[in-house]
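Novice: need a 3D model of the sequence below.
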Amino acid sequence: MKPEHTAPRWLNVKSIGLILSLVVFFIPFFIEFEGLSVVGHRVLSIFLMAVVLWITEAIPLHATAALIIFLHILMISDKSMMALPEGFNAPKYSTFFYALANPVLMLFLGGFFLADGAAKYKLDKNLAKTLLKPFGTKPSHITLGLMLIVAVFSMFMSNTATTAAFMAVALPVMLRLPAGDKGRIALVLCIPFAANIGGMGTPVGTPPNAIALGALSRAGFQISFLHWMIMLVPFMLIVLLATWQLLVRIFPSKAESIVVEIDSSYDRSPQAWLYYITAAATILLWFTEPLHGIQSAIVGFLPVVVMLATKLISDKEFHSMQWSVLWLVAGGIALGSGVGQSGLDEWMIGLVDWQQMNASVIAGAMLVTTLIFSTIISNSASANLIVPIGISLTSSPAIAMSPVASTIFIAIGASLAMALPISTPPNAIAYATGQIQTKHMASVGILIGAIGSIIFIFLAPLVWDMFNLIPE
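Specialist: Next up is the predicted model:
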């Protein structure tokens, strides 16, 4: 028998990704693209390398973000190691370092602290058990109850943390259904899908929202926490209810009822009460931002200060937070800054005659492109790559679309991508339970993406225009 030929151990996706990232990085140095400036060529190198590294995950996503910041400083800042062309107003190197302290990151950090506190004092699970009571014992109603509760929590907590917490609530309920009952699949899938959809509702719901908000802020558009919710929550609820109907119809349960034993015991210690008060005050201040004028990022820093000063969050818990997500968002902010200041965005936009397209086509292109990217790579990485281009495109007076709308469409496209276990961490958590298969997730996830896209592309702009919700 002939020996089998196997690929060398070093030849895997990550090693190929590293090699390919270096190849695409040097392409703009050897090929001159007509109409693109010298600095634009350099940023294109960084952009192409980021695309490959984020798709292949040859190095950690946050490492790619750090590399982006570093390369921008070395290649196009006022401390550049490469000669800059005359007439180019080089951004200060601190501009790219400041991406790590952007107000949007502080807003997100506040969300991390609230999420960790909810898990530590078991507020999430106890509230879930309490709030499930009104939904009765019918499987389809319990599924709806879980989805509504998870969606609300994921508006203020990490989608991943929400899914992990509520999967612990859903699995015991699911096991009360007979083996082979399709309702089991619905109960497992409803958790990640509701977390992904619920994340659309607030600026802290998911990293793509933070990336979008940061880009809008740089472009001069200040969107308050409440304004974002007014624009997005109604449509988020429509998509959520559509997803519930898809789940209970595609995976109907034969059981008439499920006996749900609810035993919720709230922590009443002084530390828990301090957390409850801090969380309530933070959320209330976010909701009332138009009244008091304190920006949501500043409000988001309140739980950070209180919970660190009172040791509601220990040093160990502080160090174990998702700092990598903040670095990833910072990398996107730095990339967006470089793309804008180098003219790369204008060059890329000029490759397509966008003026011949109406607003619906442009919105669809933004949303669907992000959805496709986010299905196979990190939704944060997708938003990082597409947001700078989208906001620059619609900043042109010749394009009949607001930068606010286009940027929100990109964030929504990232949240609607949930067809595969690799699409989002919540999907991966659900798949890891062993109770579902990829085909189950894909059959509903693809439909959610399609239905959600139609709702946002054709219905949302009409409502936003009717109530004058898009800032000029």
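Novice: CA atoms for contacts and neighbours, from now on please.
Specialist: Noted.
Novice: can you give me the end-to-end span of stretch 282-293?
Specialist: Terminal residues of stretch 282-293 lie 14 Å apart, using CA to CA, to the nearest Å.
Novice: which residues are contacting that stretch?
Specialist: 224-226, 295-296, 299-300, 302-303 (CA atoms under 8 Å, 6 or more residues apart in numbering).
Novice: with respect to K120, which of these is nearest?
Specialist: Of all the contacts of stretch 282-293, K120 sits closest to P303, with 14.4 Å by CA to CA.
Novice: buried ones in the one helix or strand that closest one maps to, by neighbour count?
Specialist: Following DSSP states H and E, one finds P303 within helix 296-309. For helix 296-309, a neighbour-count test (16 or more other CA atoms under 10 Å) marks 296-297, 299-304, 306-307 as buried.
Novice: one more: stretch 347-367?
Specialist: 347-348, 354, 359, 362-367.
Novice: stretch 333-347: how far from the chain's middle?
Specialist: 21 Å (CA atoms, centre = their mean, to the nearest Å).
Novice: what does that stretch contact?
Specialist: For stretch 333-347, contacts defined as CA under 8 Å, 6+ apart pick out 35-37, 39-41, 43-44, 47, 68-69, 72, 91, 96, 99, 211, 214-215, 384-385, 387-389, 392-393.
Novice: and with 7 Å instead?
Specialist: Here stretch 333-347 makes contact (CA atoms under 7 Å, 6 or more residues apart in numbering) with 35-36, 39-40, 43-44, 68-69, 72, 96, 99, 211, 214, 388-389, 392.
Novice: and stretch 459-472, by the same measure?
Specialist: By CA under 7 Å, 6+ apart, stretch 459-472 touches 231, 404.
Novice: check which residues of that stretch are buried.
Specialist: Buried-residue list, stretch 459-472, by 16+ other CA under 10 Å: 460-461, 464, 470.
Novice: and if you look at stretch 75-85?
Specialist: 75-80, 84.
Novice: and of the buried residues of helix 296-309, the nearest to N427?
Specialist: Using CA to CA, the buried residues of helix 296-309 come closest to N427 at G300, 27.3 Å.
Novice: I'd assumed L107 was in contact with that closest one.
Specialist: Yes. At 4.6 Å, G300 counts as touching L107 under the criterion of CA atoms under 7 Å.
Novice: measure F25 to I68 for me?
Specialist: Noted for F25: a distance of 12 Å to I68, by CA to CA.
Novice: who touches both of those two?
Specialist: I46.
Novice: so between the two, which is more surrounded?
Specialist: I68 (24 against 21; other CA atoms under 10 Å).
Novice: for this protein, which spans come out with low pLDDT?
Specialist: 1-11, 260-264, 376, 472 (pLDDT under 70).
Novice: what's the domain layout of it?
Specialist: The chain breaks down by automatic domain parsing into domains covering 8-100+335-340, 122-266+352-472.
Novice: go through those domains and pick out the most buried.
Specialist: domain 122-266+352-472 (a mean of 21; mean count of other CA atoms under 10 Å).
Novice: next structured bit after whichever strand or helix holds I19?
Specialist: For I19, the host element (DSSP H and E) is helix 13-30. Where DSSP H and E defines the elements, the next helix or strand beyond helix 13-30 is helix 38-56.
Novice: would you mind pulling the contact partners of that following helix?
Specialist: Against helix 38-56 from outside (CA under 7 Å, 6+ apart): 13-14, 17, 21-22, 24-26, 28, 59, 61, 64, 68, 75-76, 338-339, 342-344, 377, 381.
Novice: again, only using 8 Å
Specialist: Helix 38-56 is contacted by residues 13-14, 17-18, 20-22, 24-29, 32-33, 59, 61, 64, 68, 71-72, 75-76, 84-85, 335, 338-339, 342-344, 376-378, 381, 385 when judged by CA under 8 Å, 6+ apart.
Novice: and if you look at stretch 358-370?
Specialist: With CA under 8 Å, 6+ apart, stretch 358-370 has contacts from 354, 379, 382-383, 386, 390, 399-401, 405-406, 409-414, 453, 457-458.
Novice: repeat the analysis, applying 6 Å as the threshold.
Specialist: Contacts to stretch 358-370, defined as CA atoms under 6 Å, 6 or more residues apart in numbering, come from residues 400-401, 409-410, 413-414.
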